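[1] For reference, the sequence and a predicted model appear below.
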Amino acid sequence: MAAGKTRIIATIVGARPQFIKLAAVNHVLRQRSGMTEVVIHTGQHYDDPMSAAFFRELDLPEPAINLGVSGGGHGRMTGRMLEAIEAALVEIKPAGVLVYGDTNSTLAGALAAAKLHLPVAHVEAGLRSFNKAMPEEINRRLADHCADLLFCPTRRAVDQLRSEGVVKGVHFTGDVMYDLARRFERPDPQVLRRLDAPAGGALVTLHRQENTDEPRRLAALAEALVALSRELPVFFPLHPRTRAALKRAGLFKALAAACRLAEPIGYIELQSVLRASRLVLTDSGGLQKEAYFARVPCVTLRDETEWPETLEGGANRVAGASPKRIRRAVKEALATRVRPKRRFGDGRAAERIVAWLEKSWRTP
């Protein structure tokens, strides 16, 4: 596969947020005649609404390789990915390996490449929540310290890496998700009708293990959302893990009676619902940023955030899982006018990333 002088870049993805980031960079890479991207999908997110649907709507080519690794505990999943990615990289012989974000797929890809002495580039480097109980925090820290090129979405991320003694190969590029978000200005009424998503309501997403796997915390969050539904219509697309957890905890029926529960929705659909909403409540790092870009106030259903830039001016409020704190944060958020500052670049992050890849990686 490594014929001629074309530089092959192996890109490792596996989860929905990575497909979105991949789209921004892939569209630029496809315009470069001297570079060929081989996308390896680990299979971490595998069903159509969480995977294939994103490739279709974001105009992404089908992955060249799908490893089909999903399920199981973190160690088992990451170990199986590591073994399978290593075998794929040995066959492909890329000039380098590109990883995104902070999932198990990110860590497995970075480790496999590093052990094969292949250069690693990490998109979204330098983020820290400082909560080591989060699997994502472990993944992002280790990926950063495996990487040769560290593409930082914010200046704060650059400073964080410097504080850890990492300065070589660090570049402030801006955020690739901002590149994509700039394409959207207004909600699409047809999308809202098709989804039966209320305009002027609250958009809710919830998927992190810390919220779904702790019954008391999940019950507190459900209580807060039912209370919110008495003030605003609530649109809640359910991650498969969240749906299963709510049913297991006996919370699903009460929540379904109060909120508009939906299947997972695509990226473009989410952008329309977001821009039609008065408020976002989420534990997603990506949606915190997207709300900021869209000037929609956000309440983060976690105890910390890796995106402190979004906290400026009250655009985002960290409320944890306490119904009382969430209620207070919602009240304050609804009274807030979000005025984003240019913390995430100028919308050309993908172009900068590809330029650095071209400059840094040569054919083996």
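    Arrived safely.
[2] what's the pLDDT at residue 186?
    pLDDT for residue 186: 91.
[3] hey, what's residue 121 bridged with?
    Residue 121 forms beta bridges with residue 98, residue 149, as assigned by DSSP bridges.
[4] Give the full set of residues in contact with it.
    By C-beta atoms under 8 Å, 6 or more residues apart in numbering, the residues touching residue 121 are 96-99, 147-151, 353, 356-357, 360. Using the backbone N, CA and C atoms, a C-beta is placed for each residue, glycine as well.
[5] Strands of the stretch 101-250 of the chain, start to end?
    For the stretch 101-250 of the chain, the strands defined by DSSP state E, counting those that start in this stretch occupy 120-123, 149-152, 170-172, 202-205, 234-237.
[6] who touches the fourth one?
    To tie it back to what came earlier, the one meant is strand 202-205. The contact list for strand 202-205, computed with C-beta under 8 Å, 6+ apart, reads 225, 228, 232-237, 239, 259, 273-274, 277-284, 287, 296, 330.
[7] Parallel or antiparallel, list what pairs with it.
    Sheet pairing for strand 202-205, using DSSP bridges, gives strand 234-237 (parallel), strand 279-282 (parallel).
[8] May I have that strand as PDB, with CA atoms only?
    C-alpha atoms of strand 202-205 as PDB (Å, rounded to 0.1, in the frame of the first residue of the first chain):
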ATOM      1  CA  ALA A 202     -33.500  22.700  26.300                       C
ATOM      2  CA  LEU A 203     -31.200  20.200  24.500                       C
ATOM      3  CA  VAL A 204     -29.900  17.500  26.800                       C
ATOM      4  CA  THR A 205     -27.200  14.900  26.200                       C
END
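[9] what packs against the lowest-mean-pLDDT helix or strand in the chain?
    Ranked by mean pLDDT, DSSP states H and E, the weakest helix or strand in the chain is helix 52-57, scoring a mean of 88. Applying 3 or more C-beta pairs under 8 Å, 6 or more residues apart in numbering; DSSP states H and E, one finds that helix 52-57 contacts helix 16-29, helix 267-275.
[10] what inclination does the shortest one have with respect to helix 16-29?
    When you say that, I think you mean helix 267-275. Relative orientation of helix 267-275 versus helix 16-29 (axes from the mean of the first three to the mean of the last three C-alpha atoms, to 10 degrees): 110 degrees.
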